[in-house]
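# Next comes the sequence, and after it the predicted model I'd like to discuss.
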Amino acid sequence: MQDFLCDEAFQNWVLHPDAASDAYWEQWMEQHPQQRPAIFQAKAFLRELRFVHHLPEEGTEEQSLKQVLLRIEEIERAPVTRPALIRRIFNMSLSGKIAAACLFVLLLAGYFLFIHPSRNEKPQQFATSFGKQQQLTLSDGSSVVLNANSSVTLKKPWSDNVPRELWLTGEAFFKVVHRNADSTQIREADRFLVHTDDLTVEVLGTAFNIRNRRGKTEVMLQQGKISVRFNDSSKAPVVLRPGDLLVYDPAEKEILQRTASPEKYVAWKEKKLLLEDPSVAAIIAYLEDNYGVTIRLDDPQLATRKIEGPILLDNLEDPLFILSTVLNIDIQRNDSLLIFKTKPTKH
């Protein structure tokens with residue numbers, strides 16, 4: 001872990017991530033999988049560093065100032081010249097020299113890490129482009145799988161004394177680590193909060209999927225127990241149990257809750273599309289959201305047709321091939337615009 005902490009490129013990646021550095025380090029970890037634990041430990045260490053402000057108690061400022069002035073007078077009465085200081089360093093024991101070197105390194109690291117504490121307060125964002133997924137391990141050990149065209153943002157570094165919070169746009173699967181195994185003694189700081197535009201999902205330790213697309217938020221609970229709070233204060237919080245699906249439409253002020261198959265809602269992690277309502281319209285919506293394309297139908301009746309079974313999502317060409325074969329259509333492409341054209345009937 002020490003080698004990573006001393007690596008300036010690694011420090012910049014952790015404290016100021018961008019797409020290029022994310023890609024570089026992801027590729028590096030694939031080539032050196034045995035180093036993943038050390039990398040995660042080093043990332044967690046750097047993210048947990050804080051600049052602590054100590055406010056003096058009332059009446060201590062004047063006393064501290066007097067002590068500093070007395071110390072300055074002592075130094076002036078017995079100054080240490082530069083040659084004398086150098087001789088002192090060279091006359092140190094080996095352990096003393098090592099201690100002095102370590103102190104210098106710590107002071108230097110402290111300067112770069114803490115002289116501008118606002119650097120550590122810069123929001124961290126992890127984002128995926130169209131057609132790409134990304135797996136993240138957060139500083140507390142929780143994991144997040146980001147679907148395509150999605151992002152999570154941490155507005156400030158996490159600590160053990162405050163709830164863990166992040167903001168989601170798009171779709172992600174979360175597996176949250178417990179901070180406290182005793183469910184009867186839960187502190188505020190033990191909570192894990194995921195915010196979307198319209199609601200907040202609060203968990204203690206569980207696995208769930210959130211999809212925030214097209215003005216709606218869908219929450220699918222796979223394991224554990226979660227509470228969903230709405231930004232609209234007129235809506236009461238809802239508690240979900242495994243197998244529960246909640247769909248919230250703020251425009252219609254509508255909350256739908258029912259049981260569903262968690263496996264279908266998280267199949268995208270395995271690059272498969274499994275829909276409870278496998279209509280062509282639902283498939284098109286998914287492809288548009290995740291691949292950044294626009295799809296038009298020359299025959300509106302195509303939207304109501306169903307395609308049962310899993311659709312592979314290794315790339316956009318896979319679902320397009322299945323759709324063209326099953327629906328017997330031609331797909332005309334013009335940059336990001338796709339037009340589904342019904343083939344003429346053969347006589």
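That came through fine.

# how near is Cys6 to Glu26?
Relative to Glu26, Cys6 is positioned 21 Å away (criterion: CB to CB, to the nearest Å). In short, each C-beta sits where N, CA and C put it, glycine included.

# repeat for Glu276
Using CB to CB, one gets 32 Å for the distance from Glu276 to Glu26.

# for Ser151, same thing?
Taking CB to CB as the measure, Ser151 falls 16 Å from Glu26.

# Looking at the two now, which is surrounded by more residues?
For Ser151 and Glu26, the more surrounded residue by other CB atoms under 10 Å is Ser151, and the numbers stand at 16 against 12.

# Tell me the confidence at that one?
Looking at Ser151, its pLDDT reads 96.

# I'd say it and Pro123 touch.
No - with contacts counted by CB atoms under 8 Å, Ser151 stays clear of Pro123, the gap being 11.0 Å.

# Below-threshold pLDDT in this structure: ranges please.
Residue ranges of the chain with pLDDT under 70: 1-2, 5, 37, 41, 44-121, 181-185, 346-347.

# Provide a list of residues in contact with the residue positioned nearest the centre of it.
Nearest to the mean C-alpha position of the chain, by CA atoms, centre = their mean, lies Val152 at 4.4 Å. Shown in contact with Val152 (CB atoms under 8 Å, 6 or more residues apart in numbering): 125-126, 136, 144, 146, 166-169, 172.

# 10 Å - rerun?
124-128, 134, 136, 138, 144, 146, 166-170, 172, 174, 194-195 (CB atoms under 10 Å, 6 or more residues apart in numbering).

# What of His195?
His195 is in contact with 152-153, 155, 165-169, 201-202, 210, 212, 229, 231, counting by CB under 10 Å, 6+ apart.

# if we go to 6 Å?
Neighbouring residues of His195 by CB atoms under 6 Å, 6 or more residues apart in numbering: Trp167.

# do the same with Lys155
Lys155 makes contacts with Pro123, as judged by CB under 6 Å, 6+ apart.

# what's the answer for Ile186, then?
For Ile186, the contacting residues are Asn180, by CB under 6 Å, 6+ apart.

# hang on, it in a helix?
No - checked against DSSP: H, G, I helix; E, B strand; the rest coil, Ile186 lies outside a helix; its state is coil.

# Please enumerate the helices of the stretch 101-250 of the chain.
Secondary structure of the stretch 101-250 of the chain by DSSP state H, counting those that start in this stretch: no helices are present.

# Need the three-state assignment for the residue nearest to Arg36 when sequence neighbours are not counted.
Of all residues not flanking Arg36 in the chain, Met29 sits nearest, at 5.5 Å (CB to CB, 6 or more residues apart in numbering). The local conformation at Met29, judged by three-state DSSP, is helix.

# burial of Met29, as a residue count?
Neighbours of Met29 under the rule other CB under 10 Å: 14.

# go on, Glu30?
Neighbour tally, Glu30, other CB under 10 Å: 9.

# ok, it to Ser150 distance?
Counting by CB to CB, the gap between Glu30 and Ser150 amounts to 21 Å.

# and what of Asp314?
Counting by CB to CB, the gap from Asp314 to Ser150 is 18 Å.

# between the two, who's got more neighbours?
Shown here are Asp314 and Ser150; by other CB under 10 Å, Ser150 has more neighbours (26 against 10).

# quick one, what contacts that one?
Applying CB under 6 Å, 6+ apart to Ser150 gives the contacts 128, 170-172.

# In space, what's closest to it - neighbours in sequence excluded?
Once flanking residues are discounted, Ser150 sits nearest to Gly170: 2.6 Å by CB to CB, 6+ apart.

# Give me the neighbour count for the one you found.
Gly170 has 20 neighbours, counted by other CB under 10 Å.

# what pairs with it across the strands?
With beta bridges defined as DSSP bridges, Gly170 has these partners: Asn212.

# could you measure it against Ala148, distance?
8 Å.

# Check Ala127 too.
As judged by CB to CB, Ala127 and Ala148 stand 10 Å apart.

# same thing with Ile331?
When CB to CB is the yardstick, Ile331 and Ala148 sit 20 Å from each other.

# Comparing these two, which residue is more hemmed in?
Remark: of Ile331 and Ala148, Ala148 carries more neighbours, 20 against 14, as counted by other CB under 10 Å.

# Run a quick check on the more buried one versus Asp289, I expect a contact.
No - judged on CB atoms under 6 Å, Ala148 makes no contact with Asp289 at a distance of 7.9 Å.

# Could you pull out the strands in the stretch 201-347 of the chain for me?
With DSSP state E, counting those that start in this stretch as the criterion, the stretch 201-347 of the chain has strands at 207-213, 216-223, 226-230, 238-240, 244-249, 254-259, 272-273, 294-297, 311-312, 329-334, 337-342.

# Make CSV from the ones you listed and add distance to Lys43 to it.
Shown next, in CSV, are those (distance: least, CB to CB, whole Å):
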stretch, distance to Lys43
strand 207-213, 22
strand 216-223, 26
strand 226-230, 26
strand 238-240, 31
strand 244-249, 32
strand 254-259, 37
strand 272-273, 30
strand 294-297, 38
strand 311-312, 33
strand 329-334, 41
strand 337-342, 40
